[in-house]
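Visitor: What follows is a predicted protein model with its sequence.
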Amino acid sequence: MRDLTLPAFITAHSKSILIELREAKGSTPREAGTFMLVATTAIWGTIGGGQFEYMAIDNARAMLSGGGEAVMNIPLGPEIGQCCGGHTRLAFRPLTPELAEMLERRLRDEEDDRPAVTLFGSGHVGQALARALVPLPFAVTVVETRAEALEDLPAETQKHLTAMPEAFVEKIPAGGAAIILTHDHALDFLIAQRALARTDLAYVGMIGSRTKRATFANWLKREGGGDELLPRLVLPIGGTAVRDKRPAVIAALVAAELLEIYAARQEQPSKRQVPTT
């Protein structure tokens with residue numbers, strides 16, 4: 001559904017219907033403000049799938065043919081073959097140049113609001129984690145000392161080559177995350193020390209084991225680090241419940257950790273509403 005970017009879809013399908021989830025009460029697949037575009041032969045986005053989305057798509061295409069309804073109130077119950085139990089109110093509008101501009105501006109604003117996640121190191125786990133995070137609502141930067149390690153990263157990542165990755169810690173925006181997975185334990189410790197010294201980061205994590213955590217704790221104490229710093233370090237990243245060290249598995253677990261950390265920082269639904277004028 002999102003093979004095309006929003007501007008590319010609008011260019012290719014200027015005659016489309018905007019479907020917006022105006023109200024979402026109880027248990028629903030998506031939150032109020034979610035939208036999708038429906039053209040005669042293509043769609044962009046999703047309002048949650050299932051039978052109620054099929055009903056919405058059918059109504060949008062009916063509007064393109066001169067019929068359909070401007071508003072649909074759909075209970076997500078047995079009567080439509082869904083068991084969510086919530087209630088949705090959908091609004092339908094033909095796409096106009098002004099509305100297209102507002103939608104594109106909204107997506108740009110959402111991208112600007114994404115938490116900044118900085119990966120220090122692009123080895124096997126770093127590569128897997130970058131690929132796992134790119135589809136999620138994060139702005140991903142990878143910092144490396146080796147140029148070749150930056151070559152196969154997803155195009156959506158920002159790449160930074162430097163001989164002193166620890167200095168990049170100061171460039172992480174407030175509320176961001178630092179995930180440390182370099183090929184050098186001494187470098188890991190130096191980056192972690194600087195990251196933990198910042199009290200405005202939402203997450204500081206390091207790949208490794210409990211033994212590495214104990215080693216880092218001793219090193220930090222020798223370097224004059226306060227006891228209050230260590231509890232803020234997530235080490236090992238991804239938790240210990242799943243004992244699987246494959247890079248893709250570690251990446252999935254860390255991505256889940258980050259999503260949980262940032263869940264409370266999501267925008268309020270009112271900010272996601274598409275303007276009505």
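Guide: Received the coordinates, thanks.

Visitor: Please count neighbours and contacts with C-alpha atoms only from this point.
Guide: OK.

Visitor: any idea what sits nearest residue 4, other than its immediate chain neighbours?
Guide: Once flanking residues are discounted, residue 4 sits nearest to residue 44: 7.8 Å by C-alpha to C-alpha, 6 or more residues apart in numbering.

Visitor: Run through the strands of this structure in chain order.
Guide: For the chain, the strands defined by DSSP state E cover 17-25, 35-38, 43-45, 71-75, 87-94, 116-120, 139-144, 158-161, 177-180, 203-206, 233-234.

Visitor: now for the fourth one, which elements pack on it?
Guide: In this case it means strand 71-75. strand 87-94 (3 or more C-alpha pairs under 8 Å, 6 or more residues apart in numbering; DSSP states H and E).

Visitor: what's the angle from the strand it packs on to strand 71-75?
Guide: Strand 87-94 and strand 71-75 are oriented at 160 degrees to each other (axes from the mean of the first three to the mean of the last three C-alpha atoms, to 10 degrees).

Visitor: shaky segments in the stretch 151-277 of the chain?
Guide: For the stretch 151-277 of the chain, the stretches flagged by pLDDT under 70 are 264-277.

Visitor: Kindly report the same for the stretch 1-150 of the chain.
Guide: Across the stretch 1-150 of the chain (using pLDDT under 70), the flagged ranges come out as 1-3, 76-85.

Visitor: show me the contacts for the nearest residue to residue 73 once chain neighbours are set aside.
Guide: The spatial neighbour of residue 73 that comes closest, neighbours along the chain excluded (C-alpha to C-alpha, 6+ apart), is residue 89 at 4.5 Å. By C-alpha atoms under 8 Å, 6 or more residues apart in numbering, the contact list for residue 89 reads 21, 22, 23, 24, 71, 72, 73, 74.

Visitor: before we move on, back to that, now the strands of the chain in TSV, with distance to residue 224?
Guide: Converted to TSV, the strands of the chain look like this (distance: least, C-alpha to C-alpha, whole Å):
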stretch	distance to residue 224
strand 17-25	52
strand 35-38	52
strand 43-45	51
strand 71-75	60
strand 87-94	56
strand 116-120	23
strand 139-144	26
strand 158-161	29
strand 177-180	21
strand 203-206	19
strand 233-234	16
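
Visitor: how many other residues sit next to the residue nearest to residue 217 when sequence neighbours are not counted?
Guide: Take residue 217 and drop its neighbours on the chain: the residue closest to it by C-alpha to C-alpha, 6+ apart is residue 230, 6.9 Å away. Residue 230: 18 surrounding residues under other C-alpha atoms under 10 Å.

Visitor: From what I see, residue 139 and residue 116 are in contact.
Guide: Yes. Using C-alpha atoms under 8 Å, residue 139 and residue 116 qualify as a contacting pair, with a distance of 4.8 Å.

Visitor: if you go through the stretch 51-200 of the chain in chain order, where are the helices?
Guide: Per DSSP state H, counting those that start in this stretch, the stretch 51-200 of the chain carries helices over the ranges 97-112, 124-133, 185-197.

Visitor: My read is that residue 261 contacts residue 202, right?
Guide: Yes. Using C-alpha under 8 Å, residue 261 makes contact with residue 202 at a distance of 7.5 Å.

Visitor: So those two - more neighbours on which side?
Guide: Counted by other C-alpha under 10 Å, residue 261 and residue 202 do not tie: residue 202 has more neighbours, with 18 against 13.

Visitor: From residue 178, how far out is that one?
Guide: For residue 202, the distance to residue 178 (C-alpha to C-alpha, to the nearest Å) stands at 9 Å.

Visitor: ditto for residue 16
Guide: 41 Å.
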